[in-house]
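K.L.:
here's a sequence, model it:
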Amino acid sequence: MRERKRAHRSYYWSTLTLAIPIVISQLGHTMVQTADTMIVGHFAGTIPLAAVSLTHSVFMVVLVIGLGISYGLTPLIAQENGKSNYTECAKLLSNSFWVNLLSGILLFCIVYFGSFYAMEHADQDPLVVKEAKPYLLLLGLSIIPLMGFNTFKQFAEGLGFTRQAMQVTIWGNVLNVVIAIILVKGMFGFKPMGISGVGAATLIDRTLMFFVMMIYVLRSRHFKKYLSTFNWLSIQIGRIKNILRIGFPVAMQYVFEIGAFAGASLIAGKIGALEQASHQVAITLAAMTYMMASGIASAATIKVGNSFGNHNFFRLQRFARVSYHLVLAFMIFTALLFALLNQYLPFLISQDTAVIALSAQLLIIAGLFQLFDGTQVVGLGVLRGMGDVNIPTFITFVAYWIVGLPSGYLMGIPMGMGVQGVWYGLTLGLLTSSLLLYVRYRYIVKKL
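P.N.:
The predicted structure is shown next:
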């Protein structure tokens, strides 16, 4: 009995050991936007804060496409590592690099030509749009080095090396905050750049992170056996298709979810600048906990993918169950924090009393959808590890764009519930996604 309990605890410990660095690293992506929001909220005012909200709502859709495509590498590396196929890991890395580089350039073009147009025609406050444009341009440029960074990050994490990306992300975020404050306020002889300062800081930070992560992976002794046959010019259409076969549906999963939240920001903007700024404060805090849950989901993808690769289906189910347990425990804890500290947490981002009062109300609702948000992202991670991405992509589309966003619009504007009604609709979408993904997981397990 003791041996069984010890073995059972080992699944939790193994998953946590892998997940915690990923959680911190994933949080780093959000912390860049969070730091930008906090700096602008404290040093620039309500209109620039609304501009940050508008920019993030537009840019996040583009960003998550890139992140989703790069995440296509992780389950493939985990599965091939489970088969001890080291040569294939090297070939997947080189193909993934070129996929991500070209994707980054394409996504910048989408930002430059598409997002600018969408921002001008989304019925937003003209002053907010004017503030947002230069910031969005710099963020768009930063996605190219970010895609390069993610190539080597996802490769290392797929092999179970998660601490290095965490360390690079932590130092990158510290650098981002320091540079942003200097450029926004105009310290040390620099001319005050306002909202553009945080965009320039993000571009510099992500470029340095890319080079540091690349040098680490290519020179570390941990990856010698995987990269002994590595060749930058080893490009095969078949492997590119395999990466995109997982990466593109994953990107669409993120697009459908983040796009729904972006749509919610635009609906909030239709209600008013105060509601849009309050939405940004609350969603920024909620996004931090989501990225932590996403880290647990990434650990689930790696563990499940490795088990799937060597056909150990008992171990696969154990890791899936453990991941659900961990994310539920974590999200219950954060939901309690949001409920108990809802009057105080908004002060981290804004000093506007009206914004803080409305944000506090939204955080109560956020405490409710934490549970559904965590379980749905883990469901996606588990299914991704088994290579099941197409049906989950359809599920996310239905949950957010057929259920969540329309109901949020209906409750928010025609029914007169304001931005709170928008958030109730988002909660309903997350609940739908969570339930359907768990049903899909049980179906796949029974087939195995």
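
K.L.:
which residues touch the nearest residue to Leu141 once chain neighbours are set aside?
P.N.:
Once flanking residues are discounted, Leu141 sits nearest to Leu203: 5.4 Å by Cβ to Cβ, 6 or more residues apart in numbering. Where C-beta positions appear, they are placed from N, C-alpha and C, glycine not excepted. The contact partners of Leu203, taken as Cβ atoms under 8 Å, 6 or more residues apart in numbering, are Leu138, Leu139, Leu141, Ser142, Pro145.

K.L.:
most neighbours of all these, which one?
P.N.:
Comparing the contacts of Leu203 by number of neighbours (other Cβ atoms under 10 Å), Leu139 comes first, having 28 neighbours.

K.L.:
give me the next element, helix or strand, following the one helix or strand Phe330 maps to.
P.N.:
Assigned by DSSP states H and E, Phe330 belongs to helix 313-340. Reading on from helix 313-340 to the C-terminus, the next helix or strand found by DSSP H and E is helix 353-385.

K.L.:
burial measure for Gly374, as a count.
P.N.:
Gly374: 29 neighbours (other Cβ under 10 Å).

K.L.:
quick check: the residue nearest to the spatial centre of the chain vs Ala260, distance?
P.N.:
Geometric centre of the chain, nearest residue: Met291, 5.6 Å, by Cα atoms, centre = their mean. Distance, Met291 to Ala260, by Cβ to Cβ, to the nearest Å: 17 Å.

K.L.:
nearest to Leu435, of the contacts of Leu203?
P.N.:
Distances from Leu435 to the contacts of Leu203, taken as Cβ to Cβ, are shortest for Leu139 (34.4 Å).

K.L.:
if I pick the closest one, what's in contact with it?
P.N.:
With Cβ under 8 Å, 6+ apart, Leu139 has these contacts: Thr55, Phe59, Val111, Gly199, Thr202, Leu203.

K.L.:
where's the fourth one, which helix or strand?
P.N.:
In the assignment (DSSP H and E), Gly199 maps to helix 195-219.

K.L.:
now do that helix, average pLDDT.
P.N.:
Helix 195-219 carries an average pLDDT of 85.

K.L.:
so what secondary structure elements neighbour the helix or strand that that helix is followed by?
P.N.:
Counting by DSSP H and E, the next helix or strand C-terminal to helix 195-219 is helix 224-227. Helix 224-227 sits against helix 86-109, with contacts defined as 3 or more Cβ pairs under 8 Å, 6 or more residues apart in numbering; DSSP states H and E.

K.L.:
let's see it at 10 Å
P.N.:
helix 73-82, helix 86-109, helix 126-158, helix 195-219 (3 or more Cβ pairs under 10 Å, 6 or more residues apart in numbering; DSSP states H and E).

K.L.:
list the buried residues of the third one.
P.N.:
The reference is to helix 126-158. 128-129, 131-158 (16 or more other Cβ atoms under 10 Å).

K.L.:
quick one, that helix and helix 86-109 angle?
P.N.:
180 degrees (axes from the mean of the first three to the mean of the last three Cα atoms, to 10 degrees).

K.L.:
please apply the same query to the first one.
P.N.:
Relative orientation of helix 73-82 and helix 86-109, computed by the same axes, to 10 degrees: 180 degrees.

K.L.:
begin at 13 from now on, thanks
P.N.:
Yep, numbering from 13; the last one is helix 85-94 now.

K.L.:
avg pLDDT for helix 85-94?
P.N.:
77.

K.L.:
related to what we said a few turns ago, okay, the contacts of Leu215 in JSON lines with distance to Leu370 and pLDDT next?
P.N.:
As requested, the contacts of Leu215 are arranged in JSON lines below (distance: Cβ to Cβ, whole Å; pLDDT from 0 to 100):
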{"residue": "Leu150", "distance to Leu370": "29", "pLDDT": "80"}
{"residue": "Leu151", "distance to Leu370": "26", "pLDDT": "79"}
{"residue": "Leu153", "distance to Leu370": "33", "pLDDT": "85"}
{"residue": "Ser154", "distance to Leu370": "30", "pLDDT": "85"}
{"residue": "Pro157", "distance to Leu370": "36", "pLDDT": "92"}
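
K.L.:
for the helix holding Gly211, the distance to its chain's centre please.
P.N.:
Its chain's average C-alpha position is 17 Å from that of helix 207-231, according to Cα atoms, centre = their mean, to the nearest Å.

K.L.:
same check, this time on stretch 435-447
P.N.:
The answer for stretch 435-447 is 18 Å, by Cα atoms, centre = their mean.

K.L.:
ditto for stretch 384-400
P.N.:
The answer for stretch 384-400 is 14 Å, by Cα atoms, centre = their mean.

K.L.:
now the contacts of Leu151 in CSV, with distance to Lys282?
P.N.:
Converted to CSV, the contacts of Leu151 look like this (distance: Cβ to Cβ, whole Å):
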residue, distance to Lys282
Thr67, 17
Phe71, 19
Val123, 23
Gly211, 25
Thr214, 28
Leu215, 31
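
K.L.:
so which of those is surrounded by the most neighbours?
P.N.:
Thr67 (30 neighbours).

K.L.:
state the pLDDT value of that one.
P.N.:
The model's pLDDT for Thr67 equals 68.

K.L.:
tell me which residues of stretch 344-355 are tucked away?
P.N.:
Thr346, Ala347, Leu349, Phe350, Asn354.

K.L.:
one step back: going by distance to Leu256, which of the contacts of Leu151 wins?
P.N.:
Nearest to Leu256 among those is Val123, at 20.7 Å by Cβ to Cβ.

K.L.:
backbone phi and psi for the closest one, please?
P.N.:
Torsion angles at Val123 (phi, psi; degrees, to the nearest 10) stand at phi -60, psi -50.

K.L.:
contacts only, for the closest residue to Asn107 other than its chain neighbours.
P.N.:
Distance criterion Cβ to Cβ, 6+ apart; nearest residue to Asn107, sequence neighbours excluded, is Arg251 at 4.4 Å. The neighbourhood of Arg251, defined by Cβ atoms under 10 Å, 6 or more residues apart in numbering, consists of Leu88, Glu100, Lys103, Leu104, Ser106, Asn107, Ser108, Val111.

K.L.:
want to throw these into JSON lines with distance to Ser445 and neighbour count?
P.N.:
What follows is the contacts of Arg251, written out as JSON lines (distance: Cβ to Cβ, whole Å; neighbours: other Cβ atoms under 10 Å):
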{"residue": "Leu88", "distance to Ser445": "24", "neighbour count": "26"}
{"residue": "Glu100", "distance to Ser445": "33", "neighbour count": "19"}
{"residue": "Lys103", "distance to Ser445": "34", "neighbour count": "19"}
{"residue": "Leu104", "distance to Ser445": "29", "neighbour count": "26"}
{"residue": "Ser106", "distance to Ser445": "35", "neighbour count": "20"}
{"residue": "Asn107", "distance to Ser445": "31", "neighbour count": "24"}
{"residue": "Ser108", "distance to Ser445": "27", "neighbour count": "30"}
{"residue": "Val111", "distance to Ser445": "27", "neighbour count": "22"}
